[in-house]
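# Need coordinates for the below:
(one chain, ligands or ions: 1)
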Amino acid sequence: MPERFLNRRLAEFGTTIFAEMSALAVATGAINLGQGFPDTDGPSEVADAAVAAIRAGHNQYPPGRGIADLRRAVAEHQKRFYDLDLDPDSEVLVTAGATEAVAAVMLSLLEPDDEVVLFEPYYDSHVAGIAMAGAHRRLVTLRPPHYRFDPDDLVAAIGPRTRMIVVNSPHNPTGKVFDRAELELIAGLCRDHDLLAVTDEVYEHLAYDGEHIPLATLPGMRERTITVSSGGKTFSFTGWKIGWVCAAPRLLDAVTTAKQFLTYVNGTPFQHAIAVGLRLGDGYFDGLRRNLRARRDQLTAGLAAAGFEVYRPAGTYFVTADVRPLGFDDGMALCRGLPEMCGVVAVPNVVFYDNEDEGRHLVRFAFCKRPEVLDEAVERLARLAGLGGDGS
Ligand code: GLN
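Sure, this is the predicted structure:
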């Protein structure tokens with residue numbers, strides 16, 4: 001028998017940090033501010049629509065590209081929020097969440113040894129998708145407090161083998177929302193070097209400061225951008241796994257070729273329900289954002305009071321904090337010990353970096369939880385003061 005079974009492409013990947021830390025939370029009974037999932041259900045109209053779809057017999061395979069009504073609802077959503085015109089038949093593909101979408105994009109559009117430019121810290125499935133395709137990543141580091149990038153770093157990361165740039169905005173784990181000037185710079189480089197752009201916009205409705213701007217809305221980007229999003233975060237049903245890809249027909253055809261051999265299709269009744277969700281009135285989307293902005297403010301203030309240096313996120317479910325002011329210097333060790341020290345689970349940002357020194361001391365907390373849960377977590381985290389050493 002071979003010594004190891006996992007192939008070379010995946011050799012650097014173990015169990016995801018989210019699975020590891022959620023299992024730790026279950027095992028210890030700690031408050032889970034690690035994996036980003038809400039602890040309350042999304043809108044009842046949307047849940048009712050899923051139940052009704054099951055009862056109405058929408059339980060067999062949907063069409064390969066997703067049910068027509070959801071593809072239409074995605075196109076309407078892109079028009080309503082971003083003034084993008086999409087043909088629901090040739091430019092929208094429904095996927096098993098954004099994760100499958102990203103995998104299908106990488107597996108279908110990359111050749112082995114192509115290079116992909118993305119920002120560090122990165123979301124883990126983006127780099128896993130690149131690796132599964134046999135391609136290589138080139139990283140541009142985002143540094144706190146504002147997580148801006150150095151344009152020279154981005155230019156330097158692009159080479160003759162570069163095929164695409166990945167942009168995740170609002171950005172997990174930092175909460176950064178890329179502004180128009182940054183996106184214009186990225187778009188200019190895509191046009192100049194004839195690159196594709198892949199965007200992960202799953203937190204599109206969770207931009208609290210600044211505005212979410214899809215890269216596809218910038219001049220010349222509509223035809224070269226593959227836009228990925230999903231309903232999980234927008235409707236607080238992260239387990240439903242209904243995502244989508246929007247792209248020009250020939251790009252979408254390519255992505256569909258890979259997607260049909262990954263899950264083939266998924267979640268027929270949930271597709272019906274997410275179509276209902278996407279057509280909810282503006283009040284729903286505004287309410288979601290207001291609600292989560294208040295939680296952001298609550299946890300940000302609580303962590304600061306507990307002694308962390310906090311980098312206020314402009315969007316997403318997450319806030320990143322530097323643990324050094326509390327006398328710790330290793331976020332991974334702290335996260336592994338945190339349940340025992342104070343009954344809270346968080347995620348160490350170091351796993352989102354290749355240049356580990358950039359993220360060793362950073363920890364990510366999720367604030368998509370009920371206010372009383374956040375209050376309790378903050379109270380527990382306040383016990384950390386005095387438990388760290390002098391940091392040396
Ligand atoms: N997106 C979620 C997070 O960042 C995790 C999803 C997953 O576990 N793959 O916490």
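
# what's around the one residue in the stretch 251-392 of the chain that gets nearest to the ligand, how many residues?
Evaluated by C-beta to the nearest ligand atom, the stretch 251-392 of the chain has residue 366 as its residue closest to the ligand, separated by 6.4 Å. Backbone N, C-alpha and C define where each C-beta goes, glycine included. Neighbouring residues of residue 366 were enumerated by other C-beta atoms under 10 Å; the total is 26.

# and what of residue 360?
Using other C-beta under 10 Å: residue 360 sits among 18 other residues.

# now the end-to-end length of stretch 117-128.
Distance between the boundary residues of stretch 117-128 (C-alpha to C-alpha, to the nearest Å) amounts to 14 Å.

# What lies in contact with the strand or helix carrying residue 126?
The secondary structure element spanning residue 126 is helix 124-132 (assigned by DSSP states H and E). With contacts defined as C-beta atoms under 8 Å, 6 or more residues apart in numbering, helix 124-132 is touched by 9-10, 12-13, 16-17, 99, 102-103, 105-107, 110, 116, 118, 136-137, 166, 168, 200, 351-352.

# of those residues, buried ones?
If you count burial by 16 or more other C-beta atoms under 10 Å, the buried members of the contacts of helix 124-132 come out as 17, 99, 102-103, 105-107, 110, 116, 118, 137, 166, 168, 200, 351-352.

# In helices, which of those residues fall?
Judged by DSSP state H, the subset of the buried ones among the contacts of helix 124-132 located in helices is 17, 99, 102, 103, 105, 106, 107.

# list the contacts for the fourth one?
Contacts of residue 103 were listed using C-beta under 8 Å, 6+ apart, and they are 125, 128, 129, 132, 258, 262.

# what about 10 Å?
Contact partners of residue 103, counting by C-beta atoms under 10 Å, 6 or more residues apart in numbering, are 95-97, 125-126, 128-130, 132-133, 255, 258-259, 262-263.

# For those, pick the one with the most neighbours.
Neighbour-wise, these (other C-beta under 10 Å) top out at residue 95, 30 neighbours.

# Around the closest residue to that one other than its chain neighbours, how many other residues sit close by?
The spatial neighbour of residue 95 that comes closest, neighbours along the chain excluded (C-beta to C-beta, 6 or more residues apart in numbering), is residue 101 at 4.1 Å. By other C-beta under 10 Å, 30 other residues sit near residue 101.

# so residue 101 sits right up against residue 266, yeah?
No. If you go by C-beta atoms under 10 Å, residue 101 and residue 266 don't touch, sitting 11.6 Å apart.

# anything in contact with each of these two?
94, 95, 243.

# would you turn the residues you listed into a markdown table with pLDDT, distance to residue 250 and secondary structure?
Rendered in a markdown table, the data for the shared contacts of residue 101 and residue 266 read as follows (pLDDT from 0 to 100; distance: C-beta to C-beta, whole Å; DSSP: H, G, I helix; E, B strand; the rest coil):
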| residue | pLDDT | distance to residue 250 | secondary structure |
| --- | --- | --- | --- |
| 94 | 99 | 19 | strand |
| 95 | 99 | 18 | strand |
| 243 | 98 | 21 | strand |
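
# quick one: pLDDT of the residue of the stretch 51-200 of the chain found nearest the ligand?
Across the stretch 51-200 of the chain, no residue is closer to the ligand than residue 172, which sits at 5.1 Å (C-beta to the nearest ligand atom). What the model reports as pLDDT for residue 172 is 98.

# tell me the contacts of it?
Under the criterion of C-beta under 10 Å, 6+ apart, the contact list for residue 172 reads 36, 121-124, 126, 200, 202-203, 233, 313, 315-318, 352, 364.

# Across the sheet, point out what pairs with the residue of the stretch 251-392 of the chain closest to the ligand.
In this structure, residue 366 has the following beta-bridge partners (DSSP bridges): residue 318.

# I figured it was touching residue 299, is that so?
Yes. In this structure, residue 366 sits in contact with residue 299. The criterion is C-beta under 10 Å, and the distance is 8.5 Å.
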